[in-house]
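Asks: Provided below for reference: sequence and predicted model.
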Amino acid sequence: MKTSRSYKELYARSLADPENFWREQSNFIHWQTPPERTLDYSRPPFARWFVGGRTNLCYNAVDRHCAARGEQAALIYVSTETGQEKAWTFNQLYREVNRCAGILRGLGVARGDRVLLYMPMIPEAVFAMLACARLGAIHSVVFGGFAAQELANRISDAQPKVIVSGSCGIEVGRVIPYKPLLDKAIELASVKPERCIIVQRPQEKASMIGGRDLDWSEQMAGAKPTGCVPVAATDPLYILYTSGTTGMPKGIVRDNGGHLVALQWSMEHIYGVAPGEVYWAASDVGWVVGHSYIVYAPLFNGNTTVLYEGKPVGTPDAGAFWRVVSQHGVRTLFTAPTAFRAIRREDPEGKLIQQHQPTKTLRALYLAGERCDPETLLWAQQKLRIPVVDHWWQTESGWPICANPLGIESFPVKPGSATRPVPGYDVRILDEAGQEVPRGQNGAVAIKLPLPPGCLPTLYADDETFQSAYLSRYPGYYLTGDGGFFDQDGYLSIMGRIDDVINVAGHRLSTGAMEEVLAAHKDVAECAVVGVHDQLKGEVPVGFVVLKSGVQRDETELVRELCELVRERIGPVAFFKQAAIVGKLPKTRSGKILRGTIRKIADGIDYAMPPTIEDPAALDEMTRLLSRLGYARKP
């Protein structure tokens with residue numbers, strides 16, 4: 001499914017005439033009241049899109065499809081943790097969301113009120129998000145299982161009237177009770193919710209506090225349906241918290257109108273997905289990918305969306321994804337590179353891919369969330385023989401910044417590159433003085449203001465931090481925090497966070513480039529390189545590698561081979577002389593490697609346990625390993 005216009009034409013027009021470009025796209029969604037003005041940039045750096053327009057995102061996601069697609073599956077729930085599978089048509093989803101909205105309205109939730117969701121990957125999470133949108137309430141989804149203090153910080157900031165929670169989550173068969181964490185968080189929070197609605201899962205029944213806690217099933221049984229509340233395009237749809245440099249979370253705000261128009265446009269033009277097809281974003285509703293591409297974008301576009309509770313490996317094996325794709329006819333799969341590294345590690349020959357034959361229906365694979373090393377991308381291409389798209393975006397952007405836009409034009413893949421900037425994004429590479437650098441040269445990746453629709457308009461109740469965190473370093477630009485370069489063909493490569501550029505004896509080097517080299521070794525499944533303090537050279541790189549399943553190597557011999565590879569491909573200037581084999585890399589639950597935390601451990605700097613960490617034991621292993629290498633000593 002491709003548009004008749006070329007990428008070059010669309011991209012140029014989106015930058016030269018953004019108002020008319022996005023006005024045309026806004027005609028494809030439902031407005032209660034059409035916008036009076038497409039873009040208001042009278043108060044830079046704050047941009048407001050589709051001013052004067054009134055709409056409702058639940059109506060666009062659910063109600064408007066009932067006439068033509070009422071009996072089409074809207075939501076497929078697959079839990080490899082519990083063995084459950086269930087589907088809801090658009091008509092059935094309409095009824096569930098309506099009743100959930102009725103519960104919230106009965107508890108006094110109205111337009112502009114906040115509702116915090118602390119949920120596992122269960123259908124009720126989707127119902128509750130859409131119910132909030134139906135009422136014009138602002139939802140804030142917090143990843144289920146977050147530590148009590150982190151949850152308390154978010155409760156204190158968002159000040160929700162109601163909290164909706166599951167009684168527990170399940171990870172690789174392990175039941176994680178949520179209610180004790182929720183109760184502790186409410187105790188710690190400076191502002192208390194009026195009510196909590198608890199989804200009681202059979203694996204863990206939560207104890208209820210009288211006068212505050214309500215049972216989801218009981219409330220749904222007596223709920224009265226409620227209609228959609230029109231909201232201003234510039235009103236907030238949700239708050240999604242991300243880690244802040246001060247230790248306090250930053251509340252990313254997403255508006256209604258810009259979010260709706262951008263996501264609707266992205267499904268056709270970036271992902272090449274036609275209405276009615278099955279689309280699966282294998283992520284979590286606690287992350288931005290879950291917001292944008294599990295819940296909202298596929299439903300806006302009239303697609304069937306898959307909600308998956310499980311892991312890419314271990315529930316039960318590395319064929320879990322392929323089984324789901326084959327059984328449900330998934331046409332487009334979107335997941336994180338870390339998921340594919342795990343699959344590749346467990347099934348390097350791709351035998352489970354051959355067994356389930358997912359490409360009978362699967363047309364394209366999209367990867368995002370963590371930089372995709374070329375070896376993983378090439379492996380996926382070789383085993384699947386379909387387009388594999390490494391694309392790049394952020395929580396703050398809400399939708400892709402750079403991609404191979406299969407719905408517009410398919411470009412040759414260059415492993416290590418996220419291909420080209422998406423129409424709407426004026427991406428520049430800047431040096432420390434704010435000047436553009438020549439193609440081929442590394443620098444800070446920035447986006448010229450105003451940002452396109454769908455991106456964050458500000459932080460929740462904090463315009464000052466929005467400006468200082470993102471806009472102050474390069475006036476007139478949004479600083480992404482990532483480093484990278486454009487090649488001679490205009491392809492953009494993201495080499496990691498700016499903080500991951502290290503200074504070795506005056507030479508600025510990318511740890512991402514070194515990771516590419518290590519990942520190319522035949523025995524390496526995944527890796528990380530961090531810069532650690534060195535008295536002589538300022539910083540030196542240290543590598544950590546996870547071996548492919550079944551591989552046994554002498555560490556000394558492997559480290560010698562890795563050092564020779566880096567010397568051969570980057571040069572002796574990299575001063576890469578230390579590496580070690582690890583059982584697992586410390587990561588967030590979304591798959592991001594905790595390089596900054598590893599660096600702090602190595603340099604003997606105190607650190608706080610990241611609230612999103614997948615396995616705290618991985619940091620203990622890293623501390624022991626760094627001590628063996630002569631690091632992790634207090635200054």
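Replies: Arrived safely, thanks for sending.
Asks: show the model's pLDDT score for Thr82.
Replies: pLDDT, Thr82: 96.
Asks: I'd say it and Gln203 touch.
Replies: Yes: taking contact to mean C-beta atoms under 8 Å, the distance of 7.3 Å between Thr82 and Gln203 places them in contact. Every C-beta, even on glycine, is put in place using the N, C-alpha and C of the backbone.
Asks: overlap in contacts, the two.
Replies: With contacts taken as C-beta atoms under 8 Å, 6 or more residues apart in numbering, the residues that reach both Thr82 and Gln203 are Ile170.
Asks: got the contact list for the longest helix anywhere in the chain?
Replies: Residue-count comparison of every helix in the chain, with assignments taken from DSSP state H, identifies helix 90-106 as the longest. Around helix 90-106, the neighbours that count as contacts under C-beta under 8 Å, 6+ apart are 58, 62-63, 65-66, 69-72, 74-75, 88, 115, 123-124, 127-128, 130-132, 134-135, 137, 162, 197, 219-220, 223-226.
Asks: Produce a ChimeraX select command limited to the buried residues of the residues you listed.
Replies: The buried subset of the contacts of helix 90-106, as determined by 16 or more other C-beta atoms under 10 Å, is captured in ChimeraX by this line:
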select :58,62,63,65,66,69,72,74,75,88,115,123,124,127,128,130,131,132,134,135,137,162,197,219,220,223,226
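Asks: of the contacts of helix 90-106, which belong to helices?
Replies: The members of the contacts of helix 90-106 that map onto helices under DSSP H are 58, 66, 69, 123-124, 127-128, 130-132, 134-135, 219-220.
Asks: closest to Val517 among those residues?
Replies: Each of the ones in helices among the contacts of helix 90-106 was scored against Val517 by C-beta to C-beta, and Pro123 proved nearest at 43.8 Å.
Asks: what sits against the nearest residue to that closest one once chain neighbours are set aside?
Replies: Sequence neighbours aside, Tyr77 is the residue nearest to Pro123 in space, at 4.9 Å (criterion: C-beta to C-beta, 6 or more residues apart in numbering). Remark: with contacts taken as C-beta under 8 Å, 6+ apart, Tyr77 is in contact with 84-88, 122-123, 307, 309.
Asks: what's the most distant pair in those residues?
Replies: That would be Trp88 and Glu309, which, of those, are the farthest apart (C-beta to C-beta) at 15.4 Å.
Asks: same for the host helix or strand of Glu557, what does it pack against?
Replies: Assigning secondary structure by DSSP states H and E places Glu557 in helix 555-569. In terms of contacts (3 or more C-beta pairs under 8 Å, 6 or more residues apart in numbering; DSSP states H and E), helix 555-569 is packed against helix 511-519, strand 538-547, strand 578-581.
Asks: residues in contact with stretch 146-157?
Replies: Surrounding stretch 146-157, the residues in contact under the criterion C-beta under 8 Å, 6+ apart are 116, 118, 140, 142, 163, 181-182, 184-191, 193, 241, 248-249, 251, 460-461, 609, 611-612.
Asks: now with 7 Å?
Replies: Stretch 146-157 is contacted by residues 116, 118, 140, 142, 181, 184-186, 188-191, 241, 248-249, 251, 460, 611 when judged by C-beta atoms under 7 Å, 6 or more residues apart in numbering.
Asks: ditto for stretch 204-212
Replies: Applying C-beta under 7 Å, 6+ apart, the set of residues contacting stretch 204-212 from outside is 167-168, 175, 177, 179, 195-196, 198, 200.
Asks: give me the low-pLDDT residue ranges for the stretch 501-635 of the chain?
Replies: Counting by pLDDT under 70, the stretch 501-635 of the chain shows low-confidence ranges at 501-503, 505-508, 634-635.
Asks: recalculate using a threshold of 90.
Replies: Judged against pLDDT under 90, the low-scoring parts of the stretch 501-635 of the chain cover residues 501-514, 516, 531-540, 549, 567-575, 588-593, 595-596, 600, 605-617, 629-635.
Asks: check the stretch 101-250 of the chain too.
Replies: By pLDDT under 90, the weakly predicted segments of the stretch 101-250 of the chain are 143-150, 171-173, 242-250.
Asks: quick one: the strands in it, in order.
Replies: Along the stretch 101-250 of the chain, counting by DSSP state E, counting those that start in this stretch, strands occupy 114-119, 138-143, 162-166, 168-171, 174-177, 195-199, 213-215, 231-232, 236-242, 250-255.
Asks: which residue is most remote from the mean position of the protein?
Replies: Taking C-alpha atoms, centre = their mean as the measure, the residue most remote from the mean C-alpha position of the chain is Leu536, 38.7 Å away.
Asks: let me know the helix or strand that that residue is in.
Replies: According to DSSP H and E, Leu536 maps onto no helix or strand at all.
Asks: phi and psi next, for the residue nearest to Lys548 when sequence neighbours are not counted.
Replies: Computed as C-beta to C-beta, 6+ apart, the closest residue to Lys548 that is not its neighbour in sequence is Ala525, at 4.5 Å. Note on Ala525: its backbone torsions stand at phi -90, psi -40 [degrees, to the nearest 10].
Asks: quick one, what contacts Arg201?
Replies: For Arg201, the set of contacting residues under the criterion of C-beta under 7 Å, 6+ apart consists of 166-168.
Asks: same list, the residues you listed, but as TSV with neighbour count and distance to Trp399 please.
Replies: TSV is the format used below for the contacts of Arg201 (neighbours: other C-beta atoms under 10 Å; distance: C-beta to C-beta, whole Å):
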residue	neighbour count	distance to Trp399
Gly166	29	27
Ser167	23	33
Cys168	22	32
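Asks: in TSV: the residues you listed, plus distance to Thr419.
Replies: Compiled in TSV, the contacts of Arg201 are given as follows (distance: C-beta to C-beta, whole Å):
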residue	distance to Thr419
Gly166	38
Ser167	43
Cys168	41
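Asks: out of those residues, which is nearest to Leu362?
Replies: Proximity of these to Leu362 was ranked by C-beta to C-beta; the top entry is Gly166 with 30.3 Å.
Asks: pull out the buried members of the contacts of stretch 204-212.
Replies: Applying a neighbour-count criterion of 16+ other C-beta under 10 Å, the buried members of the contacts of stretch 204-212 are 167-168, 177, 179, 195-196, 198, 200.
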